[in-house]
Each structure stands twice: as C-alpha cells, then as structure tokens.
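> Next input, structure requested:
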Amino acid sequence: MATRKFEQNQETIAKAAFRLFRDNGFEKTSIKNIADAAGIQKALVQYYFPKKDDFEDLILTRSLDIAQGFVEDLIPGDIDLLTEIYLMGYFELCYITQHESMLKLGKDIMNSRDLTRSIRNTLIDWISETYHLDEEQKKLLADGITYSIGAAFEYVYNDLVEGTPVDVDEVFRVAAGILNAITGRKVAPPDVQALMPRDWMKKKFREMDRKMFGL
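Have a look, this model is predicted:
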C-alpha cells in the first residue's frame, strides 16, 4: 500500500509533468524535463512513473473522474450509463479541442496511434472499474468505444492538422451513433447544448485546469 509521502511525491511529479505536457505537448516533454520541473533526479521520476505512458494514463483517469463529478452535479440522481458516458465524452472532447491551453497536447495525442490506443484501453478499464457491468455488457461497450473513439480521433486529428475548427457536435453525433449501434442500446444522445451551455463549459474548463494542473 502506498504511503502518504509516496502519494504526495507522486502528485508533485504528476502536476509538474501535466503542466509540461499542456505547454509543450507529450512527445516533446522528456523525463529529464519533468525531473527538472519537479526539482528532483531523473531516476526518482522513473521510480514513481516507470513508463512515460503512465503519465498519460493518470491524466485520462483523473480527467474522467473530474468530468464524472461535473456531469453528476449537472444531472443529480440516476443517469443512464450511455447518457453519462456521452456527456463526459462531449465535455472531454471540447476540453482538448476548444480550450486554448489544451490544444497543443490535444493535437499531440491525436497524432500518436500508441497514445490513442492507450486512451481507448484506459477508458475501457475505467468504465469497467467505475460501473457494475456483466461480461457481455463490458464486451459490447469495449467494442463500441474502440470503433467510436477511432472514428472520432481521426475526424478531430484531420481538423487539427488542417487548422479547421473541430465540429465537436458532428463528431459527437457520429460517435454516439456508432456506440449505440454496437451496444444495441437506443439511447437518444442528450441535448448537450442545453445541458452544457458555453458559459458553464468555460467555467468547468478553468476548474478542470485547477484540479489537473494546480493552476
């Protein structure tokens, strides 16, 4: 079991790494950069985070936890699983494609098939651990996430490369349709524009920044 000191040291390193990833991108940030920013030796960073991808996994799981809290505060009470996933996915997609401070990291993530595969796997694991699903539900959801995220990432990356504003609503519509079709659910995607107005989104983006990067 991790001690409090271990967790505090890990958190200090993680915050330093997250800020560098946001400012410089994932690929251009080295372990040495992270060590320098945290004021420690490179070997100590590798002790707490043996692989650089461990940071990416932590970024995603932490942002999902935060986004889940936003959604559950927005719609208190029982929420259909896919509805909650749709709302969280929409928020996350807007955060990395429309929030100015995240654009560099978002483009970097979309450019790497290794990172997008890792995101898919981490998301599937997070959902399996967070919600009580039987094996058939897990498989259907995993298949749906694999195909819907793959389509969404390609769409977003092409827009980012071309410098075209990402049409998040169209990406959301297509991804939701794929996920619904594969899982066999007939859940109408929620009216995200009504539930998540721009002012609310901007406020939550800033809150996400504070919780993720300590800003």
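
> and the one helix or strand Ser63 maps to, how far out from the chain's middle?
Secondary structure from DSSP states H and E places Ser63 in helix 53-74. Here helix 53-74 shows a centroid-to-chain-centroid distance of 6 Å under the convention CA atoms, centre = their mean, to the nearest Å.

> Pull the distance from the next helix-or-strand element following it to the chain's centre.
As assigned by DSSP H and E, the chain's next helix or strand after helix 53-74 is helix 81-98. Its chain's average C-alpha position is 9 Å from that of helix 81-98, according to CA atoms, centre = their mean.

> same thing with stretch 138-145?
17 Å.

> Endpoints of stretch 15-33, how far apart?
Its first and final residues considered, stretch 15-33 spans 13 Å by CA to CA, to the nearest Å.

> And the average pLDDT for it is what?
Mean pLDDT, stretch 15-33: 89.

> starting at the chain centroid, how far to that stretch?
16 Å.

> Please apply the same query to stretch 149-168.
With CA atoms, centre = their mean, you get 15 Å for stretch 149-168.

> in it, what counts as buried?
The neighbour-count check on stretch 149-168 (16 or more other CB atoms under 10 Å) flags 149-150, 152-153, 155-157, 159-160, 166, 168 as buried. No exception for glycine: its C-beta is placed from N, CA and C like everyone else's.

> For that stretch, give me every contacting residue.
90, 93-94, 97-98, 103, 106-107, 110-111, 116, 119-120, 123, 170-171, 174-175, 178 (CB atoms under 8 Å, 6 or more residues apart in numbering).

> Let's see that with 10 Å instead.
The contact list for stretch 149-168, computed with CB atoms under 10 Å, 6 or more residues apart in numbering, reads 89-91, 93-94, 96-98, 103, 106-113, 115-117, 119-120, 123-124, 170-179, 192.

> Which residue comes closest to the spatially most central residue of the chain once chain neighbours are left out?
Nearest to the geometric centre of the chain sits Leu60, at 4.1 Å (CA atoms, centre = their mean). Distance criterion CB to CB, 6 or more residues apart in numbering; nearest residue to Leu60, sequence neighbours excluded, is Thr122 at 4.9 Å.

> what helix or strand is the one you found on?
Per DSSP H and E: Thr122 is located in helix 113-130.

> how far away is Gln98 from Arg198?
Gln98 sits at a distance of 10 Å from Arg198 (criterion: CB to CB, to the nearest Å).

> Which elements pack onto the helix or strand of the chain with the lowest mean pLDDT?
Using mean pLDDT, DSSP states H and E, the weakest-scoring helix or strand in the chain turns out to be helix 103-111, at a mean of 76. Packing contacts for helix 103-111, counted by 3 or more CB pairs under 10 Å, 6 or more residues apart in numbering; DSSP states H and E, involve helix 4-24, helix 53-74, helix 81-98, helix 113-130, helix 135-162.
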